[in-house]
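> Next come a sequence and a model predicted from it.
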Amino acid sequence: MTDGHPYTNPAQQPTGATPGWTPPPSAPPSGSWYPPAGTATATLPPVAPPAPRRTGRLRVGVAALLAGALIGGGTGAGVVALTDDGGTAAATTTGAQSVVITDPESATAVTAAAAKAAPSVVTVYVTSGSGSGSGSGVVLSEDGYVVTNDHVVSLDGSAGSATVQVRTSDGTLYDATVVGTDPTSDLAVVQLSGASGLTPATFADSDSVQVGDLAVAIGAPLGLSDTVTDGIISATNRAVATGSTQDDATVIDALQTDAAINPGNSGGALVDAAGEVVGINTAIASVASGIPGQESQSGNIGVGFAIPSNTAQRIAEEIVQTGSATHAVLGVQAQTAASDTNSEVGTGAQVVRVQDGGAAASAGLQAGDVVTAVGDRAVTTSTELTAAVRGAAPGDEVTLTVRRDGRTSTVDVTLGSSDG
């Protein structure tokens, strides 16, 4: 993909930290030309699994919110403590609850979509030496392969040694192992031990998704399994940079939705009106909090993001087959080209360096070139260039619109391939 330093001013750089959750250390593979990849700290962090029944009044809140998914600048984090301060007994949330159509005459499109997709969505519990958390996942096969987010299974970077359990929609709890993780796309695959007869999800073509389409999110927000929320597809091809710092940035070519997504929805399904998966829920934007003179805010604000199903399915299949995944690479370092009149306004992705022997070099790109479009998709920042390339597959041919010395031309590029 594009590489190096996609952030050119403080407003574009991910900042902040997720309280109580330390992202795992990671580094890009040797020779890679991506922004440094790691667990995306701006994605929904794992939420502690439901506690056993106990005496006390449970004041419901968000145990940990993300550190701000950035969309062209802007960060935020909000935290509301989950406390138990005495009173009547609180109900446990560990039981499974199937989505069943009881009155077909009054059923809505959301009801039908949820009834079809819910049996294919699971809750993922992860425990390591330093903590525990939970998220969601989507069933890939009858024999127990499940796709989820890398940040769900990674916790503090101990995905290889963490204990993973998965509860299916019928309430059965399975032990599971991590087949492989891909921090670059924030995806992972786990396999349930001894599973059979599971209901695999049906994946739709995410390239056919349109703004305004029905979107139904299914997962386990705050540990509440089989939770269904609905909304629409708010945007497609949304370049989202997640991470608390540039060094752990992950760039996602995302679907944006206003369906309520909260901590614990990570790895769950975003489905269409037919109940087919169009995306894997991965991140939410948060409102800035703690700013002097402004009231703190937190929680769902109707801006959530999902990894498109075409990308998720390709990556998951590669992980199942080989334990790792490949990614399209352009082979450049780029930075945002700023407007002459306003440095905060991007006018393209300016090539800083071209990798010898890479896809860009073979196509004749040079340092100083400014990429303004990939196909018919406009590019105004280096992050958008990264997302556009990351949304493609290795070997795909793309047409770049390039500005050089005041003249604009198009260049056909066959994208390269890189692991991790």
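Cool, got the structure. Small disclaimer: the values here were computed from a predicted structure and weren't measured.
> Pull out the buried positions in stretch 208-221.
The neighbour-count check on stretch 208-221 (16 or more other CB atoms under 10 Å) flags 209, 213-221 as buried. Heads up, the C-betas are built off the backbone N, CA and C, glycines and all.
> Where does the prediction get shaky in the stretch 101-250 of the chain?
For the stretch 101-250 of the chain, the stretches with pLDDT under 70 are 101-106, 156-160, 243-249.
> change it to 80
Judged by pLDDT under 80, the stretch 101-250 of the chain has its weakly predicted residues at 101-107, 130, 155-161, 242-249.
> circling back to that earlier point, of the buried residues of stretch 208-221, which belong to strands?
If you go by DSSP state E, these have 214-219 in strands.
> all helices for this structure, in order.
109-117, 150-154, 309-322, 359-363, 382-390 (DSSP state H).
> Out of these, the one nearest A338 is which?
helix 382-390 (11.1 Å; CB to CB).
> could you give the angle of that closest one to helix 309-322?
Helix 382-390 and helix 309-322 are oriented at 60 degrees to each other (axes from the mean of the first three to the mean of the last three CA atoms, to 10 degrees).
> Now do helix 382-390: which elements does it pack against?
On a contact count with 3 or more CB pairs under 8 Å, 6 or more residues apart in numbering; DSSP states H and E, helix 382-390 meets strand 2-3, strand 227-242, strand 250-257, strand 326-329, strand 332-338, strand 346-354, strand 370-374.
> Skipping its backbone neighbours, what lies nearest G231 in space?
A259 (3.5 Å; CB to CB, 6 or more residues apart in numbering).
> right, and the helices and strands packed on helix 382-390 - which one's nearest A312?
Using CB to CB, the helices and strands packed on helix 382-390 put strand 250-257 closest to A312, at 10.6 Å.
> Note down every partner strand of the closest one and its orientation.
strand 227-242 (antiparallel), strand 304-308 (antiparallel) (DSSP bridges).
> Run a quick neighbour tally on the residue lying closest to A201 once chain neighbours are set aside.
Of all residues not flanking A201 in the chain, S120 sits nearest, at 3.7 Å (CB to CB, 6+ apart). Applying other CB atoms under 10 Å, we find 23 residues neighbouring S120.
> got it, and T372?
18.
> and the gap between A220 and T408?
A220 sits 48 Å away from T408 when distances are taken as CB to CB, to the nearest Å.
> got CSV for the ones in strands among the buried residues of stretch 208-221, with distance to E142 too?
Output for those, formatted as CSV (distance: CB to CB, whole Å):
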residue, distance to E142
L214, 27
A215, 26
V216, 23
A217, 24
I218, 19
G219, 21
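> Cool, thanks, talk later.
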